[in-house]
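Undergrad: Have a look; sequence and predicted model below, questions after that.
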Amino acid sequence: MTSTNKKRETKTLSRTGEKPGTRARIIEAADRLFYEHGYEHTSFADIAGAVNLSRGNFYYHFKTKDEILDAVIARRLAEREIWLAEWERENADPVARIRRFIDILIMNRDKILRYGCPLGSLSAELTKLDHPLQGEAGKLFTLFRTWLARQFALAGQKRSADRLAMHLLALSQGIATLANTFHDETFIRREVRALYTWLNEVTGKRDAGT
């Protein structure tokens, strides 16, 4: 991941006289549009229109769509690192932390029903395109895989921690894909309850509330 995209947001004013935060607004808009319409079907004009920028001002910040994609992936990684840190601060129990990961399916259910999983959809699209940044997008899953494995290990499942982490990632991706396909919120809620039960069983917390 390049560091250039992370440095300019502290600038006070650009050469074009724009207020601070223009670059961040571009990245935020691109993130939303890539999720809702896909990377391939989102154009420079779409992103520029979303933030009301002229083409010249837009090109001051980004010269190519790949540069925007790189910045979007960096943004998603940073956001999710914040989530994980918050979950660890809020919960001393690793099982409770894992439940927070599962809760994403409920918290984001409306968007999942409409657009699917933002990580899964982007990764799948970049893989189909054989895009050079597909490996960078894969780091989003690696982040969750590593974190979940650490939580399972702390919950007493050290030998099978990575396997359990991968299994939970696979289950959550399958739930998001099918929920999006069938537009079925009840399915999400039912499968989340099943994930809670599975988590309690594999960690030995059968009496934990679901």
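TA: All right, it came through fine. Since the model is a prediction, treat every value here as computed from it, not as a measurement. Residues are numbered from 1 along each chain as shown.
Undergrad: now the helices: where do they sit in this protein?
TA: With DSSP state H as the criterion, the chain has helices at 22-37, 44-50, 55-61, 65-90, 94-107, 109-115, 118-128, 134-154, 161-182, 185-202.
Undergrad: Would you single out the least confident of these?
TA: Looking over the helices of the chain, mean pLDDT reaches its minimum on helix 55-61, with a mean of 89.
Undergrad: And it, what does it pack against?
TA: Under the contact criterion of 3 or more C-beta pairs under 8 Å, 6 or more residues apart in numbering; DSSP states H and E, helix 55-61 touches helix 22-37, helix 44-50. (Glycine included, C-beta is placed from N, CA and C.)
Undergrad: Okay, buried residues for that helix please.
TA: For helix 55-61, a neighbour-count test (16 or more other C-beta atoms under 10 Å) marks 57, 58, 60, 61 as buried.
Undergrad: quick one on the thing from earlier: adding mean neighbour count and distance to residue 183, write the helices and strands packed on helix 55-61 out as JSON lines.
TA: Converted to JSON lines, the helices and strands packed on helix 55-61 look like this (neighbours: other C-beta atoms under 10 Å; distance: least, C-beta to C-beta, whole Å):
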{"stretch": "helix 22-37", "mean neighbour count": "19", "distance to residue 183": "15"}
{"stretch": "helix 44-50", "mean neighbour count": "16", "distance to residue 183": "25"}
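Undergrad: Quick one: closest of these to residue 107.
TA: Residue 107 lies closest to helix 22-37 among the helices and strands packed on helix 55-61, at 15.2 Å (C-beta to C-beta).
Undergrad: who's in contact with the closest one?
TA: The contact list for helix 22-37, computed with C-beta atoms under 8 Å, 6 or more residues apart in numbering, reads 5, 8-9, 14, 42, 46-47, 50-51, 53, 57-58, 61-62, 68-69, 71-72, 75-76, 111, 114-115, 118, 121-122.
Undergrad: between that helix and helix 118-128, how many degrees?
TA: With axes from the mean of the first three to the mean of the last three C-alpha atoms, to 10 degrees defining the directions, helix 22-37 sits at 80 degrees from helix 118-128.
Undergrad: Select, out of the helices and strands packed on helix 55-61, the one closest to residue 171.
TA: With C-beta to C-beta as the measure, helix 22-37 is the member of the helices and strands packed on helix 55-61 nearest residue 171 (21.3 Å).
Undergrad: Tell me the buried residues within the contacts of helix 22-37.
TA: Those of the contacts of helix 22-37 that meet the buried threshold are 5, 42, 47, 50-51, 53, 57-58, 61-62, 68-69, 71-72, 75-76, 111, 115, 118, 121-122, by 16+ other C-beta under 10 Å.
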